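A.B. asks: Need coordinates for the following:
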Amino acid sequence: MMVNILLCGNKKVFDGALTQLISMTNRTKEDITCYIFTMDVSRLNPDFVPITDEQVEFLDQVVKSKNENNRIIKVDVTDIYEKEFANCKNENAYCTPYTLLRLLADLVPDMPEKLLYLDIDMMIGDDIAKLYNIDITDYEYAAVKEKYGCWLIRPDYINAGMLLLNMKKISETTLLAKARERIKNKKMLFADQDAIFWSTTKKLLLPRKFNEQSKFNRKDTVVCHFCKRLMFLPYPHTENFKQWHINEVHKVLKCYAFDDDLNEYLKVKEEFMKVNK
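C.D. replies: As a prediction, the model looks like this:
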């Protein structure tokens with residue numbers, strides 16, 4: 001069996017991809033194909049350039065060191081993005097334009113019929129096949145409720161950081177096409193997430209262990225999401241520490257569940273830096 005993963009981002013997602021893929025391949029025996037959608041939109045920001053071939057080649061070496069059948073595939077979607085989203089209402093959304101790339105998955109040739117999209121700020125705490133193998137035949141996707149949105153927006157509002165996508169069903173319902181139209185024509189607070197949620201025909205809600213957004217040491221967690229948190233003490237503020245911010249992960253988040261993975265990350269990242277100074 002092949003587990004098909006989708007990540008999205010520019011050259012700055014390297015640390016997130018490396019930490020996430022280490023944690024995934026350390027716990028998953030199944031073969032993994034990871035597609036990375038990337039693009040050049042340096043017209044908006046000089047940092048918005050594609051993940052480099054050298055970074056992708058190194059990620060491929062790392063995952064192959066765990067299983068020779070694992071592979072990383074870089075997909076440059078610049079042309080598709082510019083055709084669909086250039087200068088649209090949500091191009092300067094709350095995050096970066098790279099959050100919109102998952103909405104192009106049905107326009108990229110030869111993508112698999114089942115695809116697990118993951119945000120880059122996630123670590124894998126158990127065999128990812130436990131998530132991937134969930135039956136979504138009758139659904140467009142499976143997701144977990146958003147920790148704040150399910151209280152403030154709607155009880156079934158989702159966090160789009162993890163989406164188990166049924167691309168065959170999505171092609172029938174035109175979910176992503178409808179979401180793209182919303183992105184083009186309606187300014188939204190959480191652009192990509194809102195577009196997906198309000199375009200949904202039928203979704204499967206999963207337990208929080210498949211996208212844990214607040215507890216970082218739960219033993220049953222399959223996907224741990226290092227997303228932004230709202231804190232009230234000692235005063236109202238937000239925290240946005242990612243898994244590669246190791247000092248803050250320890251001192252602030254009190255998370256030690258991924259120490260072996262992060263130690264491995266530091267070691268292999270040093271190897272990469274020596275070769276790519």
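A.B. asks: Tell me where the stretch 101-250 of the chain has strands.
C.D. replies: Using DSSP state E, counting those that start in this stretch, the strands of the stretch 101-250 of the chain run over 114-118, 122-124, 141-145, 158-166, 203-205, 223-225, 229-231, 237-239.
A.B. asks: what packs against the lengthiest helix in the chain?
C.D. replies: Counting by DSSP state H, the longest helix found in the chain is helix 259-275. Using 3 or more C-beta pairs under 8 Å, 6 or more residues apart in numbering; DSSP states H and E, the elements in contact with helix 259-275 are helix 14-25, helix 53-64, helix 246-251. Every residue, glycine included, has its C-beta placed from N, CA and C.
A.B. asks: which secondary structure elements does the helix or strand just after the second one contact?
C.D. replies: I take that to be helix 53-64. Where DSSP states H and E defines the elements, the next helix or strand beyond helix 53-64 is strand 71-76. Applying 3+ C-beta pairs under 8 Å, 6+ apart, one finds that strand 71-76 makes contact with strand 31-38, helix 53-64.
A.B. asks: Now strand 71-76: buried residues?
C.D. replies: 71, 72, 74, 75 (16 or more other C-beta atoms under 10 Å).
A.B. asks: What is the distance between it and the centre of its chain?
C.D. replies: 15 Å (C-alpha atoms, centre = their mean, to the nearest Å).
A.B. asks: Only C-alpha atoms, please: export the longest helix of the chain in PDB.
C.D. replies: Output of helix 259-275 as PDB, limited to C-alpha atoms (Å, rounded to 0.1, in the frame of the first residue of the first chain):
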ATOM      1  CA  ASP A 259      12.600  14.700  21.100                       C
ATOM      2  CA  ASP A 260      14.100  11.700  19.300                       C
ATOM      3  CA  ASP A 261      12.800  13.000  16.000                       C
ATOM      4  CA  LEU A 262      14.000  16.600  16.700                       C
ATOM      5  CA  ASN A 263      17.400  15.300  17.700                       C
ATOM      6  CA  GLU A 264      17.600  13.400  14.400                       C
ATOM      7  CA  TYR A 265      16.500  16.600  12.600                       C
ATOM      8  CA  LEU A 266      19.300  18.600  14.100                       C
ATOM      9  CA  LYS A 267      21.800  16.000  13.000                       C
ATOM     10  CA  VAL A 268      20.700  15.700   9.400                       C
ATOM     11  CA  LYS A 269      20.100  19.400   9.100                       C
ATOM     12  CA  GLU A 270      23.700  20.000  10.000                       C
ATOM     13  CA  GLU A 271      24.700  17.500   7.300                       C
ATOM     14  CA  PHE A 272      22.600  19.400   4.800                       C
ATOM     15  CA  MET A 273      24.100  22.800   5.800                       C
ATOM     16  CA  LYS A 274      27.700  21.500   5.400                       C
ATOM     17  CA  VAL A 275      27.000  20.600   1.800                       C
END
